[in-house]
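Engineer: coords below, sequence missing:
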C-alpha cells in the first residue's frame, strides 16, 4: 500500500483511505479493486461527508468489477492518442495500410477535437449523432460516403482499444455502421486547367520573393518545388511524399514505360530516366520481404526542381543530384533538414493570393488537385494508355474510368467543330 499522507483517515478496515492535500480543500479517496488502485475526489470538504461519499464510490466500483463492467474510464483523447501511435508505428515499419494515414488524420482533425474531453465510456448513440451534425458543419455539406466509412473505421479502432483495456463494455460501444444511402457519392477533387496552372506557375515566382526573410521564405520556396514536382509526377501529397528520401531516387537507362508515357521528353542527360521509388511506409520492405510500393517515372522537369532543392538544402552538403541520391535524408525538408507540416496550409494561402483557391464549380482546391492535374493532362494529351497511367499513379483503370471518363467525351466533342 502506498505511504499515507500526513492528513489521512483509514476506513473499512483500511480498505479505503481518505487523504487531503494542502493545496486542496477536498478529501481524496483511494481504494483497491482487484489489482487496480482507484484514486478519485470525494468533492467533500468535511471528513464525515467524505467518508460517506468514499463508501458509495467503493461499493459502486466493487459492483462494477463483480459484474465485469469497467471500474474506471479514460478520456477519449488518451485512448485515441494510443491508437494513433500504434497506426503510425505500423506505417513506419512498412506493414501498415496506406489508409492508416487517413485514420490518423480523421482522429486528429475531427474525433479528438469533438470527443477529446469526454470519458470514452460515456459516449453513446446520442453523442455520435451530435458528432455527425458537427462534422457536416465543419465540411459545409454532407461528407462523401468514403469519408464516413473512414471515420467509422477509425472510431471503431478507438472503441475496440477502450474495450480491450476494459474502459468500456463491448455492449456499450455505439453503432457506427454507415447506413445504406448515407453520404454523398464520391467525386474527383477539382483540378487546374492548363491556363490556371500557368498562372499559378508564374505567380509562385514573385510569391516566394515576397516572404519574410528566414523561415517564411524557406517554407515558400519548399512549397514551390513541392507543387512543381507533384504537378509533374502525379504523386499523392502526404501519403507518398512524406517518407520520400533522396536514396529513393535513381537514374536508369532502360525504362520502356517512360517512352509510353512521354516519348523522348523525359530523357535526361545521357539517355537516363529519373525513377522515384514510391514506398508505402517509411521502410521499403514489409515483414515478408516484399517491396511495398511502386516505381514512378516523372516528367523531365522534375529533375531541375530536385536539383534546385539540393542547392537550397544546406544539410545535404551536396553539389549534385547524383550525390544527394546517396543520402538517407528526406527530400521535402527545410534547408536545415527539419520537417514542416505547414505545406497544406501554405498552399491554401498561395491559392488564395493567386485567386485560384476555388474552381469554376466553386469547389475548394487542395494539394491533391495537382495529382488530378497531372492525370488530366496525361489523358487529354493522349500520352499513354489508361493501364500505363494507372500503373504510373498507383491506381486502377476502374478509378480512372470512373473519375476521368468525361475527358474523353469532351475530347470527342471538340472534333465536331474542327
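Structural biologist: Here it is on my side, so go on. Fair warning: this is a prediction, and the values are worked out from it, not measured in the lab.
Engineer: For the rest of this, base every contact and every neighbour count on C-alpha atoms.
Structural biologist: Noted.
Engineer: Next, the buried residues of stretch 309-324.
Structural biologist: By 16 or more other C-alpha atoms under 10 Å, the buried positions in stretch 309-324 come out as 309, 310, 311, 312, 313, 316, 318, 321, 322, 324.
Engineer: For these, which two are the farthest from each other?
Structural biologist: With distances taken as C-alpha to C-alpha, the most widely separated pair in the buried residues of stretch 309-324 is 312 and 322, at 15.2 Å.
Engineer: Nearest to residue 151 among the buried residues of stretch 309-324?
Structural biologist: Lowest distance from residue 151 to those (C-alpha to C-alpha) belongs to residue 309, with 36.2 Å.
Engineer: Downstream of the helix or strand where that closest one lies, the next helix or strand is which one?
Structural biologist: When secondary structure is defined by DSSP states H and E, residue 309 falls within helix 301-312. Following helix 301-312 in sequence order, the next helix or strand is helix 321-324 (DSSP H and E).
Engineer: So which elements touch the helix or strand harbouring residue 352?
Structural biologist: If you go by DSSP H and E, residue 352 is part of helix 343-353. Helix 343-353 is packed against helix 194-209, helix 215-231, with contacts defined by 3 or more C-alpha pairs under 8 Å, 6 or more residues apart in numbering; DSSP states H and E.
Engineer: Of these, which is nearest residue 238?
Structural biologist: Of the helices and strands packed on helix 343-353, nearest to residue 238 by C-alpha to C-alpha is helix 215-231, at 10.6 Å.
Engineer: now for that closest one, which elements pack on it?
Structural biologist: Helices and strands touching helix 215-231, as assessed by 3+ C-alpha pairs under 8 Å, 6+ apart, comprise helix 194-209, helix 301-312, helix 343-353, helix 368-380.
Engineer: With distance to residue 233 as new columns, can the ones you listed be given to me in CSV?
Structural biologist: Conversion of the helices and strands packed on helix 215-231 to CSV gives the following (distance: least, C-alpha to C-alpha, whole Å):
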stretch, distance to residue 233
helix 194-209, 15
helix 301-312, 7
helix 343-353, 18
helix 368-380, 7
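Engineer: rewinding a little: now do the helix holding residue 352, average pLDDT.
Structural biologist: The pLDDT scores in helix 343-353 average 94.
Engineer: Please renumber the chain so that the first residue is 48 from this point on.
Structural biologist: Shifting the count to begin at 48 puts that one at helix 390-400.
Engineer: Buried by neighbour count: which residues of that helix qualify?
Structural biologist: Buried residues in helix 390-400, defined by neighbour count with 16+ other C-alpha under 10 Å: 390, 391, 394, 395, 397, 398.
Engineer: Name the nearest of those relative to residue 186.
Structural biologist: So of the buried residues of helix 390-400, ranked by how close each gets to residue 186 (C-alpha to C-alpha), first place is residue 395, at 15.9 Å.
Engineer: how about low-confidence regions in the stretch 298-447 of the chain?
Structural biologist: 301-318, 327-339 (pLDDT under 70).
Engineer: can you count the residues close to residue 78?
Structural biologist: Close neighbours of residue 78, defined as other C-alpha atoms under 10 Å, add up to 22.
Engineer: Now do whichever strand or helix holds residue 176: everything it contacts.
Structural biologist: Here residue 176, judged by DSSP H and E, is contained in helix 172-186. Outside of helix 172-186, the residues within contact range by C-alpha atoms under 8 Å, 6 or more residues apart in numbering are 157, 161, 189, 190, 221, 222.
Engineer: neighbours of the last one, just the number please.
Structural biologist: So that's residue 222. Neighbours around residue 222, by other C-alpha under 10 Å: 12.
Engineer: Just say helix, strand or coil for it.
Structural biologist: coil (DSSP: H, G, I helix; E, B strand; the rest coil).
Engineer: can you give me the strands for this protein?
Structural biologist: 55-58, 63-67, 74-80, 83-88, 296-299, 320-326, 340-343 (DSSP state E).
Engineer: helices or strands up against the fifth one?
Structural biologist: Applying 3+ C-alpha pairs under 8 Å, 6+ apart, one finds that strand 296-299 makes contact with strand 320-326.
Engineer: Tell me the buried residues in the strand it packs on?
Structural biologist: Result for strand 320-326 [16+ other C-alpha under 10 Å]: buried residues 320, 321, 322, 323, 324, 325, 326.
Engineer: quick one on the thing from earlier: can you put the contacts of helix 172-186 in a markdown table and add pLDDT and distance to residue 410?
Structural biologist: Below are those laid out as a markdown table (pLDDT from 0 to 100; distance: C-alpha to C-alpha, whole Å):
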| residue | pLDDT | distance to residue 410 |
| --- | --- | --- |
| 157 | 92 | 21 |
| 161 | 94 | 26 |
| 189 | 84 | 14 |
| 190 | 85 | 14 |
| 221 | 84 | 33 |
| 222 | 76 | 32 |
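Engineer: Which among those count as buried?
Structural biologist: Of these, these count as buried by 16+ other C-alpha under 10 Å: 157, 161, 189, 190, 221.
Engineer: So the last one sits against residue 168, correct?
Structural biologist: No: applying C-alpha atoms under 8 Å, one finds residue 221 not in contact with residue 168, separated by 10.1 Å.
Engineer: closest to residue 207 out of the helices and strands packed on helix 390-400?
Structural biologist: helix 262-278 (37.1 Å).
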